[in-house]
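In: the following block contains a protein sequence and its predicted model.
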Amino acid sequence: MFDYTISHHANPAADRRRPYPDALLQTLSQEASDRAYSEISSWPGYARTRLHDLRGIAREAGVERIWYKDEGSRFGLGSFKSLGGAYAVFAQIRSHVEERTGQEVAIGDLLARRYPDLLDQVVVTCATAGNHGRSVAWGAQLFGCRCVIYLHRAVSAGREAAIASYGADIVRVDGTYDDSARQAAADASEHGRTLVTDTGHGGYFEIPRTVAHGYTVLMREILSQLGGEHPTHLFVQAGVGGLVGAACGYSWLAWGRQRPRAIAVEPEKANCLQASARQGSPVVVPGELDTVMACLACGEVSEATWDLVYAACDDFITIEEAAIPPTMRLLADGDFGDPAIVAGESGAAGLAAALAACSSPGYRKLIGLDDSSKILAIGTEGATDPELYQRLLDRARRSDSP
């Protein structure tokens, strides 16, 4: 069905017999996750995103179930990132105001702009490949502070315009995502800005872990939507590791030893998690990180979540570029009687890897897939770059034409 190349690394550090490793308890907690859900679910426009049951695709893939969590409608921003960056912006603004007033600050106080002078002192910033920066900019606009976003040269004009629409100042950096991240951090230090990123290095862990707690909201929704069903495999695409850590960590908190087999998915040319897992410690993937999966074009793992990712992920898989447009088309056209779903190029990566693994007898055996398997895939984005989405979709449809 889906004969595309994947590269696999089984993680020797993953021990499914352990209850909760230190890395999990240091990075995530049920209390912090509950707090994130309580706050985010009170925001204007909050609604659970759909969990699609792709029975037709599952039948063709030779497994019992495939669930697809569709984050394309999240807060109108088009991706799961709106849960993390904006939540960290909220937490930083609230802390800033509480420290200076000595008063407890509720979300309604910020939405009502009760502290304009204090909020004007806060400037949040980050580097982004598109979706995280959009979330930070939206959060800054929603809660009333200023924002500066750094973009590397490969970020499309469409994504830049979407970020700027939330009032953010844009700075272009001639380099990769990692180059833009370093520039954003340096300028934040020089100008007194608050760096709100999902990547943590050198002890900068609090904010990236706050971002990760925001991401756990989608996992909490999934548990409710499954209605007692239990996935056997969890495929999650990975950039720097924030979502992988949040998703795998929350599944560990929720299901313990009965958690699904956790599989991190990356592009072939930006596989920093897989390379780090092979080494047993974080390594940098050099080069241009050229991939159609723009939001996964990361060469350095986040140290803030790395220990958790390394403890929680059973497998690290890369997927070839050619698999992405056909997966987007498969979802968009509602093949095999499934609902039509708009999935962006990064959002489709986890499902693409799952289908490629299902299509290979060797990989089915390697990661324990059979006709009783129940796969959960996270659809991290919709068409966050509509022009690119349509171009890739058209390309896939032309390839399918006789």
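Out: Right, received. Where do you want to start? As the structure is a computational prediction, the values presented were derived from the model and not from experiment.
In: next, count neighbours for Gln103.
Out: Per other Cβ atoms under 10 Å, the neighbour tally for Gln103 reads 11. (C-beta placed from N, C-alpha, C; glycine too.)
In: any idea which element the residue lying closest to it once chain neighbours are set aside lies in?
Out: Closest residue in space to Gln103, ignoring its immediate chain neighbours: Val97 at 7.9 Å, by Cβ to Cβ, 6 or more residues apart in numbering. Secondary structure from DSSP states H and E places Val97 in helix 81-101.
In: tell me the first helix or strand C-terminal of that helix.
Out: Sequence-wise, the next helix or strand beyond helix 81-101 is helix 107-111, with elements assigned using DSSP H and E.
In: which elements pack onto that next one?
Out: Under the contact criterion of 3 or more Cβ pairs under 8 Å, 6 or more residues apart in numbering; DSSP states H and E, helix 107-111 touches helix 81-101, helix 131-143.
In: host element of the residue most central in space within the chain?
Out: In the chain, the residue lying closest to the centroid (Cα atoms, centre = their mean) is Leu243, at 4.3 Å. With secondary structure defined by DSSP H and E, Leu243 is part of helix 242-255.
In: check Trp67 too.
Out: With the criterion set as DSSP H and E, the secondary-structure element containing Trp67 is strand 65-70.
In: which residues does Val124 contact?
Out: Residues counted as contacts of Val124 (Cβ atoms under 8 Å, 6 or more residues apart in numbering) are 89, 92, 136, 139-140, 145-148, 193-196.
In: of the helices and strands packed on helix 107-111, which stretch is the most buried?
Out: Comparing the helices and strands packed on helix 107-111 by mean neighbour count (mean count of other Cβ atoms under 10 Å), helix 131-143 comes out on top with a mean of 27.
In: do I have it right that Ile324 meets Gly347?
Out: No. With the criterion set as Cβ atoms under 8 Å, Ile324 and Gly347 do not qualify as a contacting pair; they are 9.7 Å apart.
In: the more surrounded of these two?
Out: A side-by-side neighbour count of Ile324 and Gly347, using other Cβ under 10 Å, places Gly347 first with 35 against 26.
In: so that one sits in a strand?
Out: No. Secondary structure assignment (DSSP: H, G, I helix; E, B strand; the rest coil) places Gly347 in coil, not in a strand.
In: what residues are up against the nearest residue to it once chain neighbours are set aside?
Out: On the basis of Cβ to Cβ, 6+ apart, the spatially nearest residue to Gly347 that is not a chain neighbour turns out to be Glu381, at 3.8 Å. Taking Cβ under 8 Å, 6+ apart, we find Glu381 in contact with 71-72, 78-81, 131, 295, 343-344, 346-347.
In: cutoff 7 Å now
Out: Taking Cβ atoms under 7 Å, 6 or more residues apart in numbering as the criterion, Glu381 is in contact with 71-72, 78-79, 131, 295, 344, 346-347.
In: now pLDDT too, for those residues, in CSV please.
Out: Supplementary listing: those in CSV, determined by pLDDT from 0 to 100:
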residue, pLDDT
Glu71, 97
Gly72, 96
Gly78, 94
Ser79, 95
Asn131, 90
Cys295, 88
Gly344, 96
Ser346, 95
Gly347, 96
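In: max pairwise distance over these: which two?
Out: Comparing every pair within the contacts of Glu381 by Cβ to Cβ identifies Gly72 and Cys295 as the most remote, at 13.0 Å.
In: the two - which one has more neighbours?
Out: It is Cys295, of Gly72 and Cys295, that has more neighbours when counted by other Cβ under 10 Å, with 27 against 21.
In: pretty sure the more buried one sits against Ser346.
Out: Yes. With contact defined as Cβ atoms under 7 Å, Cys295 and Ser346 form a contacting pair (4.0 Å).
In: can you map out the strands along the stretch 101-250 of the chain?
Out: In the stretch 101-250 of the chain, the segments counted as strands under DSSP state E, counting those that start in this stretch are 123-128, 146-152, 169-173, 194-195, 233-237.
In: most tightly packed of these?
Out: Per residue and on average, the most neighbours among these fall to strand 233-237, with a mean of 27 (mean count of other Cβ under 10 Å).
In: what is that one packed up against?
Out: Strand 233-237 makes packing contacts with helix 242-255, strand 261-267, helix 349-358, strand 374-379 when contacts are defined by 3 or more Cβ pairs under 7 Å, 6 or more residues apart in numbering; DSSP states H and E.
In: ok, now with 6 Å
Out: strand 261-267, helix 349-358, strand 374-379 (3 or more Cβ pairs under 6 Å, 6 or more residues apart in numbering; DSSP states H and E).
In: which elements pack onto the longest one?
Out: It refers to helix 349-358. Looks like helix 349-358 contacts strand 233-237, strand 261-267, strand 315-319, helix 324-332, strand 374-379 (3+ Cβ pairs under 6 Å, 6+ apart).
In: hey, C-alpha coordinates of the longest one in PDB?
Out: Going back to what we said before, that points to helix 324-332. Coordinates of each C-alpha in helix 324-332 appear next as PDB, following Å, rounded to 0.1, in the frame of the first residue of the first chain:
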ATOM      1  CA  ILE A 324       4.600  13.100   2.300                       C
ATOM      2  CA  PRO A 325       2.600  14.300  -0.700                       C
ATOM      3  CA  PRO A 326       0.900  10.900  -1.200                       C
ATOM      4  CA  THR A 327      -0.100  10.800   2.500                       C
ATOM      5  CA  MET A 328      -1.500  14.400   2.300                       C
ATOM      6  CA  ARG A 329      -3.500  13.300  -0.800                       C
ATOM      7  CA  LEU A 330      -4.700  10.100   0.900                       C
ATOM      8  CA  LEU A 331      -6.200  12.100   3.700                       C
ATOM      9  CA  ALA A 332      -7.500  15.000   1.600                       C
END
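In: what angle separates that helix from strand 261-267?
Out: For the pair helix 324-332 and strand 261-267, the angle between their directions (axes from the mean of the first three to the mean of the last three Cα atoms, to 10 degrees) equals 120 degrees.
In: before we move on, the earlier item: the contacts of Val124 into CSV, with extra columns for pLDDT and distance to His52?
Out: Output for the contacts of Val124, formatted as CSV (pLDDT from 0 to 100; distance: Cβ to Cβ, whole Å):
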residue, pLDDT, distance to His52
Val89, 97, 30
Gln92, 96, 34
Val136, 97, 28
Gly139, 97, 27
Ala140, 97, 32
Cys145, 96, 36
Arg146, 96, 38
Cys147, 98, 33
Val148, 98, 37
Arg193, 97, 39
Thr194, 96, 37
Leu195, 96, 36
Val196, 96, 31
